[in-house]
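Asks: Fold the following.
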Amino acid sequence: MRVHVADHPLITHKLTVLRDRQTSSPVFRQLTEELVTLLAYEATRNVRVDPIEIQTPVTTTQGVKISEPRPIVVPILRAGLGMLEGMVKLLPTAEVGFLGMVRDEETFQPTTYAERLPDDLSDRQCFVLDPMLATGGSLGAAITFLFNRGAQDVTAICLLGAPEGVAAIEKQVEGHDVTLVLGALDERLNEKGYIVPGLGDAGDRLYGTA
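Replies: Numbering: from 1, shown residues only. From the prediction side, this is the model:
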């Protein structure tokens, strides 16, 4: 498993504003979109492309196009939905699927309550969006779900991660082609399974507590 932790002052600046408890939901949503676009640049470094010849106003030249089958972007509901726009801005030709997962706040174990994905993901590159990699339960279950459907490789994009979550994912996906792209790697988890210093509950910060 490959882990890339962003090291860029703009990303750190935007994450600082996200962490601030005074940041409003509209600003939080806008910054999340901007952050995901920045992280997606690194996450798509190995996206598959095919060579193509085009005609410029001056001459013919060689370029590339996104390969078929197209990549698929999979936000984990509900918080991952707030990351979708930032991802498809950079990869507009990607298909979009959804996974609905909820974490038991006592056991921290995830359950899947909804999915909208092709039955066969053979030869597909998948990009999973989940803002917080805490215990790794939800993200690990989502990655396993995609590989069980035949995915070739999976890249997960998270705004923040905890060392415990990274270790859990690495153990769970052993033998598979997985990349983690994190905006920052925080210190630890607290007794409630929240990232410290973190930014709180990303879903609530994005959409409120309803």
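
Asks: contacts and neighbour counts: CA atoms only from here.
Replies: Will do.

Asks: after the top helix by length along the chain comes which helix or strand?
Replies: Longest helix of the chain, by residue count under DSSP state H: helix 25-43. Once the chain leaves helix 25-43, the next helix or strand it forms, by DSSP states H and E, is strand 49-55.

Asks: helices or strands next to that next one in the packing?
Replies: Judged by 3 or more Cα pairs under 8 Å, 6 or more residues apart in numbering; DSSP states H and E, strand 49-55 is in contact with strand 60-66.

Asks: quick one: strands adjacent to the strand it packs on?
Replies: strand 49-55 (antiparallel) (DSSP bridges).

Asks: chain center to the partner strand, what's the gap?
Replies: With Cα atoms, centre = their mean, to the nearest Å as the basis, strand 49-55 stands 28 Å off its chain's centre.

Asks: all numbers from here: first residue = 42
Replies: Yes, from this point I'll number from 42; that puts the last item at strand 90-96.

Asks: and the gap between residue 93 and residue 103?
Replies: Computed as Cα to Cα, to the nearest Å, the residue 93 to residue 103 distance reads 6 Å.

Asks: tell me which element the nearest residue to residue 46 once chain neighbours are set aside is part of?
Replies: The spatially closest residue to residue 46, leaving aside those adjacent along the chain, is residue 223, at 4.8 Å (Cα to Cα, 6 or more residues apart in numbering). Assigned by DSSP H and E, residue 223 belongs to strand 219-226.
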